[in-house]
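>>> model the following, please.
(2 chains)
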Amino acid sequence: QQQVKQSPQSLIVQKGGISIINCAYENTAFDYFPWYQQFPGKGPALLIAIRPDVSEKKEGRFTISFNKSAKQFSLHIMDSQPGDSATYFCAASKETSGSRLTFGEGTQLTVNP
Amino acid sequence: EAEVAQSPRYKITEKSQAVAFWCDPISGHATLYWYRQILGQGPELLVQFQDESVVDDSQLPKDRFSAERLKGVDSTLKIQPAELGDSAMYLCASRGQGSYEQYFGPGTRLTVT
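Numbering: from 1, shown residues only, chains lettered A, B, ... in the order given. Model (predicted):
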């Protein structure tokens, strides 16, 4: 059962544009929602994360928007740069299950110069 | 900056052979996870340790996979015998007490021929 659905599968953005990646989850017990960035051949790197008690979190050019009632959250990358080209994964976890992460399918982001 | 260490980075093995992966988590992190990531997909949990104890191995194929964390620090994941379908990236992650954040190592890329 896919508990976290991510879209789009791939995204092409021009340098300076805004990249938006969306995720939807099913389990209302999830209480932590991180985004990871992964370059080819590397492990996922934690980018930004949010708890459900806030609707938005911003760190530099990266913003998470969270809609608890819709069970959706999204990653916005402002002023996208070619160096942002990577695969992005949303994930969710709940403390009661040891915080194991359930990942989305991933979004391949390409930022053209 | 503290990092999760993994070795080897790459492993090529023949079908039916045994293979082992090693992980050293961030110092002081009591929780350790092994994930498997098939190319083009998000990581999926194989096993979770709290100190030296297994707390979740429900997704571990126990007929061929084993994992241990004898002293509650570093961990070893073993596959015996390896099958073609085991070709994937094997990722180790760790989490500190009271924290939600999981940090991943660089992974071991396994190719079974």
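>>> which residues of chain B lie near chain A?
Residues of chain B lying close to chain A (CB under 8 Å from any CB of the partner chain) are B:4, B:6, B:31, B:33, B:35, B:40-45, B:48, B:50, B:55-56, B:91, B:93, B:95, B:100-107, B:109. For every residue, glycine as well, the C-beta is placed using N, CA and C.
>>> again, only this time at 7 Å
Proximity of chain B to chain A, by CB under 7 Å from any CB of the partner chain, involves residues B:33, B:41-43, B:45, B:48, B:55-56, B:91, B:95, B:100-107.
>>> centre-most residue in chain B?
Residue closest to the average C-alpha location in chain B (CA atoms, centre = their mean): residue B:34, at 3.2 Å.
>>> quick one: low-confidence ranges for chain B?
B:1 (pLDDT under 70).
>>> chain neighbours aside, what residue packs nearest to the residue in it positioned nearest to chain A?
With CB to the nearest CB, the shortest gap between chain B and chain A falls at residue B:42, namely 3.0 Å. Distances taken as CB to CB, 6 or more residues apart in numbering or on different chains place residue A:103 nearest to residue B:42, at 3.0 Å, with adjacent residues excluded.
>>> on that earlier part again, just the ones of the residues of chain B next to chain A in strands?
The strands, defined by DSSP state E, take in B:33, B:45, B:48, B:55, B:56, B:91, B:95, B:102, B:103, B:104 from the residues of chain B next to chain A.
>>> which elements pack onto the helix or strand hosting residue B:93?
Assigned by DSSP states H and E, residue B:93 falls within strand B:88-95. Strand B:88-95 sits against strand B:31-37, strand B:102-104, strand B:108-112, with contacts defined as 3 or more CB pairs under 7 Å, 6 or more residues apart in numbering or on different chains; DSSP states H and E.
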